[in-house]
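Got a sequence here, can you build the structure:
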Amino acid sequence: MTFWILLSAAALLPIWALFVFNRLVRLRNQMRNAWADIDVQLARRHDLVPQLVAAVKGYASHEQAVLSAVTELRAAAMAQSSPARLYPIESELEQALTRIFALKEAYPDLKASENFIKLQSALVEVEDHLQYARRFYNGAVRDHNDAVQRVPDLVVARMFGFHDGEFYQPGADARQSPKVTMQ
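Just a heads-up that it's a prediction; the model follows:
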């Protein structure tokens, strides 16, 4: 009787390992697919930035510091691929774009520009898609990390080289309140 129990357990162990491996592969692929969605939205944003800078430059050429910052942040973001390192750069780019949109209040001609309005609308649409893609990606990373860290599945995960995924969100230092100094 003990022999049959041990034989059954030995036969079920590879089947269980195969099931776990296949689930881990599916979760990893879902995470990669979700990152591809974010990458597409970031590329759309990055493609719109030079057009926006060109449109603003025509009306507010003396706002060079803001325009240069946006251009530099775009270049830095395009050079980065790690979700954890990319998020702070993209967050800064988003804030810089907000400053560009604030310029329209100081420049009525810019505010009335059809090209500027279309670009602003397109960027708002990209930001909405990006927010959705980020939530989906972080959910996929959470599910993948849960599976990779869960006992006994982590035995199969470690054996086949599955690792935790990186969330696309601010780090601990970005969550701290900004320090304001009075002069």
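
Could you give the number of residues near the closest residue to residue 147 other than its chain neighbours?
Nearest residue to residue 147, sequence neighbours excluded (C-beta to C-beta, 6 or more residues apart in numbering): residue 27, at 5.3 Å. For glycine as for every other residue, the C-beta is placed from the backbone atoms N, C-alpha and C. Neighbourhood size, residue 27 [other C-beta atoms under 10 Å]: 21.

And stretch 115-133, how far out from the chain middle?
When distances are taken as C-alpha atoms, centre = their mean, to the nearest Å, stretch 115-133 is centred 16 Å away from the chain's centroid.

before we move on, the earlier item: from what I can see the residue nearest to residue 147 touches residue 143, true?
Yes. Between residue 27 and residue 143 there is a contact at 5.6 Å, judged by C-beta atoms under 8 Å.

what about the residue nearest to residue 147, helix or strand, and which?
Here residue 27, judged by DSSP states H and E, is contained in helix 2-59.

Let me know the average pLDDT across that helix.
Computed over helix 2-59, the mean pLDDT rounds to 91.

Show the subsequent helix or strand relative to it.
Past helix 2-59, the next helix or strand by DSSP H and E is helix 64-79.

Show me what that next one packs onto, helices and strands only.
helix 2-59, helix 83-103 (3 or more C-beta pairs under 8 Å, 6 or more residues apart in numbering; DSSP states H and E).

got the angle for it vs helix 83-103?
Helix 64-79 runs at 150 degrees relative to helix 83-103, counting by axes from the mean of the first three to the mean of the last three C-alpha atoms, to 10 degrees.

Return the residues in contact with the spatially most central residue of the chain.
In the chain, the centroid-proximal residue (C-alpha atoms, centre = their mean) is residue 168; its distance is 4.4 Å. Residues near residue 168 by C-beta atoms under 8 Å, 6 or more residues apart in numbering: 35, 38, 83, 84, 86, 87, 134, 137, 138, 141.
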